[in-house]
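Enquirer: quick one: sequence and predicted model below, then my questions.
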Amino acid sequence: MSVSSVRQILIVLCLTVFLMQASLAGENGKLPGAGLIHQLKFGVLAHDVGDLWSGFHRENGVDLNIEVVLAPSMDVLGGTLRPALGGSINTNGDTSKGYLDILWQYNFSSGIFVVTGVGAAVHDGKLHASHVDRKALGSRVLFHIPLEIGYFLTPRTTFSVYFDHISNAYTARENEGMDTLGARLGYIF
């Protein structure tokens, strides 16, 4: 899967989600609170950050991230579980990824929130150590583990610091893993 293919998939995904949400609009043109999408998040992330979970870095560039948090939810342990899908496109032509997660969010009364989850990611990076400037991820499908800490700027707008890690958890011989870290803005429908 090439970077171009991942970009095309993400563009189609975004347009599809937008059209689905727009089709759920009421007669007054406002988006309903019980629509398909709970929140959209957009971010700029540092790619393959060293000295975090994966321990070192080989790849460069900035990742442009988009995530759609879907409306179906379930209350668990004082927080809320929701499905999400998203992707990060690397602006340097290195590893890009798409992912599907189950997220758990806890909102504090102060306006601060925390999100964590687990899911699967598909990437277009290298599987084996054939390039010194690319990570050997070992498997096309990887575990995706996000962590986010943020603040409600308004009841519908959020700002957050976002971290995610992808790896195969040693289900393959090579497992260099990759971390991203950055900031995101979110809009709640």
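Expert: Perfect, thanks for sending it. Quantities reported herein were computed from a predicted structural model and do not represent experimental measurements. Numbers count the residues shown, from 1 in each chain.
Enquirer: next, the contact list for the nearest residue to residue 134 once chain neighbours are set aside, please.
Expert: If the residues on either side of it in the chain are set aside, residue 134 comes closest to residue 126, at 4.4 Å by C-beta to C-beta, 6 or more residues apart in numbering. C-betas here are computed from N, CA, C, even on glycine. Going by C-beta atoms under 8 Å, 6 or more residues apart in numbering, residue 126 touches 95, 134, 135, 136, 137.
Enquirer: and residue 126, how far is that from residue 170?
Expert: 17 Å (C-beta to C-beta, to the nearest Å).
Enquirer: next: residue 131.
Expert: 21 Å.
Enquirer: between those two, which one's more packed in?
Expert: residue 131 (13 against 10; other C-beta atoms under 10 Å).
Enquirer: A strand includes that one, no?
Expert: No. According to DSSP: H, G, I helix; E, B strand; the rest coil, residue 131 belongs to no strand; its state is coil.
Enquirer: look at residue 58 and report its pLDDT.
Expert: pLDDT, residue 58: 79.
Enquirer: all further residue positions should be reported with the first residue as 819.
Expert: With 819 as the first residue, the last one maps to residue 876.
Enquirer: which SS class is it?
Expert: Looking at residue 876 with three-state DSSP, the answer is coil.
Enquirer: these two touch, right, residue 989 and residue 958?
Expert: No. Residue 989 is beyond contact range of residue 958, at 11.8 Å (criterion: C-beta atoms under 8 Å).
Enquirer: name the element residue 862 belongs to?
Expert: Assigned by DSSP states H and E, residue 862 falls within strand 855-864.
Enquirer: in its sheet, what does that strand sit against?
Expert: strand 880-888 (antiparallel), strand 996-1006 (antiparallel) (DSSP bridges).
Enquirer: what's in contact with the first one?
Expert: If you take C-beta under 8 Å, 6+ apart as the criterion, strand 880-888 is touched by 828, 831-832, 835, 854-865, 900-910, 914, 921, 980, 998, 1000, 1002.
Enquirer: over to the longest one?
Expert: Residues from elsewhere that reach strand 996-1006, judged by C-beta under 8 Å, 6+ apart: 856-867, 870-872, 877, 881, 883, 885, 906, 913, 943, 953, 955, 966, 968, 973-985.
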